[in-house]
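Trainee: what shape does this take:
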Amino acid sequence: MIACENHSDLCGLVQCARPRRRWTRLRRLRRWVAAALALFASILAGCGQPTLTLNDAVTIAGCQTPIEALVEHRSPLGDVDQLLGIEVRFFADGAPLGAEKTDRRGFARHCCFVPAETKRIEARATVDGVDVTGQGRLYQWDPTRTILVCDIDETISETRYSTLLDDMEADTGSAPLPDSSATLQALAGRFNIVYMTARPRWLLEKTRRWLVDHGFPDAPVVTAPTLAEALGVQKFKGGQIEEWRTLADHLLIGIGNAETDSEAYAANGLLTIIIDDDDTDDFRAHAVVLRNWAMVGDFFDANRAELEDAERLRQIIATEGMLKRPLIRWQRDSD
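Mentor: Below you'll find the predicted structure:
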């Protein structure tokens, strides 16, 4: 149970505010500007090379599974209009599923019933005489579970952008935030989880590898197709939440660290949980702000019945109902 300093275990409304220092916002902005410049330079070096990336997909019993691939000439701005009409062939554990042609943005989308035992999906195409392939993973979801969206940078990762953006295969410099892996592993047994990050698509494999290397639960990873979408974080995440809701409408919880996360989650009716250990006033009233992942675990344990029941949680969010949470700032030390 969450312990509050005034000995009350009842929270205020789901809508509650917490602080963040202005200098922290500026520090984050400087990091992302530096990251964007490094990203632009590194991608520019590979312009013109055809690539194919395949999104992770989710299947729910009795429903068709949407599978999406992006074929592009690697470009800092994601200009892939010239790839209209490229045929993309889709496979499940090597068995053909069907084929679709790319639209003006380079996307090919295929919807079909996928065998329940499938673990890996693949897409193949030929661009300018070059064969390209993309690999993705298929997840079987329990349709009754609440879906939880989790950000990556500064939410579960103390991201070191110099190692994230270099040409090495693995990000060896970024460390997980304390308790983030263990807490999400525990939640994975009770919720469907999606990692949603504004990292550009070319970092998808490196991001997947980092999550595995640091013991995070296996779950779909969603990245931004282009640099423009990567920089427009709030719009990108809002659009992705809407798309995922067409597959499963139990997407009701979002965890992040930034105002863009907070605004994107709230605009789409998610219970918004922000991880922040600063001490000024920055987040608006809709966000539940907790100081670390140990507190996140406590929050989910204290409200287990409400958060795991999707219909009950939907009603709490709609009516600004009550959840147990700290009423004042406090620090729960990690074990």
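
Trainee: centroid-nearest residue for this protein?
Mentor: Note on the chain: the residue nearest the mean C-alpha position is Met196, at 1.1 Å, using C-alpha atoms, centre = their mean.

Trainee: what's near enough to touch it?
Mentor: Residues in contact with Met196 (C-beta atoms under 8 Å, 6 or more residues apart in numbering) are Val149, Cys150, Asp151, Val222, Lys237, Gln240, Ile241. (Glycine included, C-beta is placed from N, CA and C.)

Trainee: among these, name the ones in strands.
Mentor: Restricting those to those inside strands, with DSSP state E as the criterion, leaves Val149, Cys150, Val222.

Trainee: returning to what we had before: how near is the residue nearest to the centre of the chain to Asp56?
Mentor: With distances taken as C-beta to C-beta, to the nearest Å, Met196 is found 11 Å from Asp56.

Trainee: now do the shared contacts for the two.
Mentor: By C-beta under 8 Å, 6+ apart, the residues touching both Met196 and Asp56 are Val222.

Trainee: what number of residues lie near Val149?
Mentor: Neighbour count for Val149, taken as other C-beta atoms under 10 Å: 25.

Trainee: that one contacts Ala248, correct?
Mentor: No: contact criterion C-beta atoms under 8 Å: Val149 and Ala248 do not qualify, at 11.6 Å.

Trainee: may I ask which of the contacts of Met196 has the most neighbours?
Mentor: In the contacts of Met196, the most neighbours by other C-beta under 10 Å go to Lys237, 27 neighbours.

Trainee: quick one: contacts for it?
Mentor: Val149, Met196, Ala198, Thr260, Asp261, Ala264, Tyr265.

Trainee: just the ones of those residues in strands?
Mentor: Going by DSSP E, the strands hold Val149, Met196, Ala198 from the contacts of Lys237.

Trainee: how far away is the last one from Gly269?
Mentor: Looking back up the chat, that one is Ala198. Ala198 is 20 Å from Gly269, by C-beta to C-beta.

Trainee: neighbour count winner among those two?
Mentor: Counting neighbours by other C-beta under 10 Å for Ala198 and for Gly269 shows that Ala198 has the greater number, 25 against 15.

Trainee: which residue is the nearest non-sequential neighbour of the more buried one?
Mentor: Val233 (4.4 Å; C-beta to C-beta, 6 or more residues apart in numbering).

Trainee: what's the pLDDT at that neighbour?
Mentor: Confidence at Val233, expressed as pLDDT, is 87.

Trainee: how many residues are close by it?
Mentor: So Val233, with other C-beta under 10 Å, has 22 neighbours.

Trainee: next, it: phi, psi?
Mentor: phi -60, psi -50 (degrees, to the nearest 10).

Trainee: that one against Ala264, yeah?
Mentor: Yes: with contact defined as C-beta under 8 Å, Val233 counts as touching Ala264 (7.4 Å).

Trainee: which sections of the protein are below the confidence cut-off?
Mentor: Filtered on pLDDT under 70, the chain yields the residue ranges 1-48, 74-82, 167-168, 279-285, 326-335.

Trainee: and it, what are its domains?
Mentor: Following automatic domain parsing, one gets these domains for the chain: 22-36+143-319, 50-141.

Trainee: need those domains in a markdown table (columns: distance to Arg325).
Mentor: Listed next are the domains of the chain as a markdown table, based on distance: least, C-beta to C-beta, whole Å:
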| stretch | distance to Arg325 |
| --- | --- |
| domain 22-36+143-319 | 6 |
| domain 50-141 | 27 |
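
Trainee: okay, strands next: where are they in the stretch 201-335 of the chain?
Mentor: Under the criterion DSSP state E, counting those that start in this stretch, the stretch 201-335 of the chain contains strands at 221-224, 251-256, 271-275, 287-290.

Trainee: can I get the CA coordinates of the first one in PDB?
Mentor: Which is strand 221-224. Taking C-alpha atoms only, strand 221-224 is exported to PDB below (Å, rounded to 0.1, in the frame of the first residue of the first chain):
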ATOM      1  CA  VAL A 221       8.000  -1.600 -29.900                       C
ATOM      2  CA  VAL A 222       6.600   1.400 -31.800                       C
ATOM      3  CA  THR A 223       8.900   4.000 -33.300                       C
ATOM      4  CA  ALA A 224       8.500   7.100 -35.500                       C
END
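
Trainee: pull up the pairing partners for it, direction included.
Mentor: Using DSSP bridges, the strands paired with strand 221-224 are strand 192-200 (parallel).

Trainee: same question for the third one.
Mentor: For strand 271-275, the paired strands and their directions (DSSP bridges) are strand 251-256 (parallel), strand 287-290 (parallel).

Trainee: re earlier: reformat the strands of the stretch 201-335 of the chain as JSON lines; add distance to Gly94.
Mentor: What follows is these, written out as JSON lines (distance: least, C-beta to C-beta, whole Å):
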{"stretch": "strand 221-224", "distance to Gly94": "22"}
{"stretch": "strand 251-256", "distance to Gly94": "31"}
{"stretch": "strand 271-275", "distance to Gly94": "40"}
{"stretch": "strand 287-290", "distance to Gly94": "44"}
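
Trainee: those: which one's closest to Asp309?
Mentor: The closest of the strands of the stretch 201-335 of the chain to Asp309 is strand 251-256. By C-beta to C-beta, the value is 10.2 Å.
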